[in-house]
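Next come a sequence and a model predicted from it.
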Amino acid sequence: MSYLYIFVDESGEPQTDRCYAVAGCWVVSARPNPNEVLMPTKDRLMSTIEGSELGKDSIGELKGASTPPPVLDTLFAYLRSGIHDDSSIQQTNYPWQVSKPMRYTLHEVNSDAGTDAIEDLVGPQQTGETLKTISLASILSPLRQEDRLETGDFDQVRVYLDAEVWQNPAQRLREVSNLASDELPPVSFETRDSRGTPGIQLSDLAAYSWRRNLLKTDCETAASTLNDFRFFR
């Protein structure tokens, strides 16, 4: 059995920060334990940080906000080729046409504009959760497009999200009957501790680097790599 894994994380706050970004990291793996998926890549990236003059001596988790932009660029430069060496993910028969074992979906929103646009409709207490729900729907949008995914290349779809704040947005999408195309198996959602889930850590790096590039125009290698790996350009 094989699983389509989608690991999701965010950068910024949808109601308070000028830019809010969400990233989804997509891979296929035969491993049923999400903690094992992308572990070889995570270990290599951690070694790269620990060996960098700009990095830390010892880290327990990949965190974009704790990593200097030059090091983030180095990490994503490694991903361009190094991801093809990860034995924990499917390296052939990709469910997408691009010859990459990993894909990214990215979504960003101007928080001020987004908040102003919907606050009068849903109320100030629901604005943040509504923006999260819209962002998550955007991240998962390839599931609805049959021409984007070859459904015969995996048996289940599993979405893993960082932190409990995603529970309500996930539940809202879980209740949507047309979340995925009719050709796909049911989609499951689960929140997990990012520290034990390498895929969520890679999504954290992506969301932070993408947002930082939009705000400060650095992390150029990271943003370029993400653009090459994304579903929609």
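The structure has been received and is ready for your questions.

rest of the way, CA atoms for contacts and neighbours
Fine.

what mean pLDDT would you report for the strand ranked longest in the chain?
Looking across the chain with DSSP state E, the single longest strand is strand 19-29. Averaged across strand 19-29, pLDDT comes to 97.

same question, stretch 154-162
95.

How far off centre is the very next helix or strand once past the longest strand of the chain?
The first helix or strand that comes after strand 19-29 along the chain, using DSSP states H and E, is helix 39-50. Helix 39-50 has its C-alpha centroid displaced from the chain centroid by 17 Å (C-alpha atoms, centre = their mean, to the nearest Å).

Can you give me the buried ones in the helix or strand following helix 39-50?
Past helix 39-50, further along toward the C-terminus, the next helix or strand under DSSP H and E is helix 69-82. Within helix 69-82, the residues that qualify as buried are 69-76, 78-80, counting by 16 or more other C-alpha atoms under 10 Å.

what packs against helix 69-82?
Judged by 3 or more C-alpha pairs under 8 Å, 6 or more residues apart in numbering; DSSP states H and E, helix 69-82 is in contact with helix 39-50, helix 198-216, helix 220-229.

Could I have the CA atoms of that helix written out in PDB?
The C-alpha atoms that make up helix 69-82 are tabulated as PDB, following Å, rounded to 0.1, in the frame of the first residue of the first chain:
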ATOM      1  CA  PRO A  69      18.300  33.200   5.200                       C
ATOM      2  CA  PRO A  70      21.700  32.200   3.700                       C
ATOM      3  CA  VAL A  71      21.400  28.800   5.400                       C
ATOM      4  CA  LEU A  72      17.800  28.500   4.200                       C
ATOM      5  CA  ASP A  73      19.100  29.000   0.700                       C
ATOM      6  CA  THR A  74      21.700  26.300   1.200                       C
ATOM      7  CA  LEU A  75      19.000  23.900   2.500                       C
ATOM      8  CA  PHE A  76      16.800  24.400  -0.600                       C
ATOM      9  CA  ALA A  77      19.800  24.200  -2.900                       C
ATOM     10  CA  TYR A  78      20.400  20.700  -1.500                       C
ATOM     11  CA  LEU A  79      16.700  19.800  -2.000                       C
ATOM     12  CA  ARG A  80      16.900  20.300  -5.700                       C
ATOM     13  CA  SER A  81      19.000  17.200  -6.100                       C
ATOM     14  CA  GLY A  82      19.200  15.600  -2.700                       C
END
